[in-house]
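Chemist: Sharing a model that was predicted from the sequence below.
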Amino acid sequence: MRQHFVVEMASGQLSRAGALSCSGCRHACHVMLYCDTKTQLFGRIPIRHIILMQMRFDGLLGFPGGYVNPSEETLEAGLSRELLEELGVALPISAEDHVDCCHAPASSSSSTSRLITHFYVKKMEEEQIKEVEKEAASTATDHGQEVLGMVRVPLYNTKNGGGLAPFLSHSFIGNARSQLVDSLLRLDMFAPEELHKALAHSLKIHTHTAEDLQAALTRTEAKRNWF
């Protein structure tokens with residue numbers, strides 16, 4: 001048992017029971033809501049699946065959810081509460097939707113307490129996903145404040161390099177990008193070779209973005225020196 005616990009801690013992964021037994025740890029639950037779709041982009045590029053993420057108040061991409069207190073509520077009850085605030089819909093989340101939990105990157109929390117993230121995946125019907133998008137923009141209390149808007153993940157690669165690659169080059173909160181990539185593989189939503197190609201192109205985009213930001217920084221520094 002002790003050896004198994006050491007392996008879990010070393011890899012960052014935890015069992016649900018192990019996570020809940022962590023003394024002094026904080027917990028955050030997030031969920032990937034998705035559905036299948038037969039729609040096509042421009043009438044010729046299969047979209048295949050719709051995955052919902054959100055643009056957060058801090059400018060980072062992430063999945064819906066937030067902090068929960070296991071001493072006062074179950075993980076699923078806490079996540080449903082957060083979803084009602086962020087999406088305007090009371091979505092039932094079950095323990096069967098729980099796929100993994102791990103220690104969050106140190107930069108994910110300003111607190112001195114260790115943060116454990118719990119990740120859920122819930123499949124819905126396309127009409128339900130559309131209803132979530134509608135309610136998130138019209139009735140959710142957090143819309144325009146903690147949540148700036150819902151975002152669909154572009155699950156395709158275009159000939160000019162558009163789609164998933166540029167999306168993955170954006171900034172994500174904590175381990176949200178890894179959660180997305182792992183889910184695409186786990187659910188066979190994206191062929192491994194195509195996902196590898198998208199990630200490789202995303203790295204090139206990231207390098208170009210860094211160069212562009214450096215150029216912008218240089219320009220603003222020059223203008224600042226004028227005053």
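Modeler: Thanks, I have it.

Chemist: longest single strand anywhere in the chain?
Modeler: Looking across the chain with DSSP state E, the single longest strand is strand 26-36.

Chemist: what comes up buried for it?
Modeler: Within strand 26-36, the residues that count as buried by 16 or more other C-beta atoms under 10 Å are Arg26, His27, Ala28, Cys29, His30, Val31, Met32, Leu33, Tyr34, Cys35. Glycine gets a C-beta too; all of them are placed from N, C-alpha and C.

Chemist: Please convert the residues you listed to a markdown table, extending it with pLDDT.
Modeler: Compiled in a markdown table, the buried residues of strand 26-36 are given as follows (pLDDT from 0 to 100):
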| residue | pLDDT |
| --- | --- |
| Arg26 | 94 |
| His27 | 95 |
| Ala28 | 96 |
| Cys29 | 97 |
| His30 | 98 |
| Val31 | 98 |
| Met32 | 98 |
| Leu33 | 98 |
| Tyr34 | 98 |
| Cys35 | 98 |
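
Chemist: and which of those is nearest to Leu83?
Modeler: Nearest to Leu83 among these is Val31, at 7.1 Å by C-beta to C-beta.

Chemist: Relative to Leu75, how far out is the closest residue to that closest one other than its chain neighbours?
Modeler: Leaving aside its chain neighbours, Val31 sits nearest to Tyr120 (4.0 Å; criterion: C-beta to C-beta, 6 or more residues apart in numbering). Distance of Tyr120 to Leu75, computed by C-beta to C-beta, to the nearest Å: 9 Å.

Chemist: Among these two, which residue is more densely surrounded?
Modeler: The neighbour comparison of Tyr120 against Leu75 (other C-beta atoms under 10 Å) goes to Tyr120, with 25 against 22.

Chemist: Tell me where the protein has strands.
Modeler: With strands called from DSSP E, the chain shows them at 13-14, 26-36, 40-41, 45-46, 49-56, 61-62, 65-68, 98-103, 115-123, 147-152.

Chemist: returning to that earlier point: chain center to the longest strand of the chain: distance?
Modeler: Its chain's C-alpha centre and that of strand 26-36 lie 8 Å apart, by C-alpha atoms, centre = their mean, to the nearest Å.

Chemist: any idea how far Pro46 lies from Thr39?
Modeler: The gap separating Pro46 from Thr39 is 8 Å, by C-beta to C-beta.
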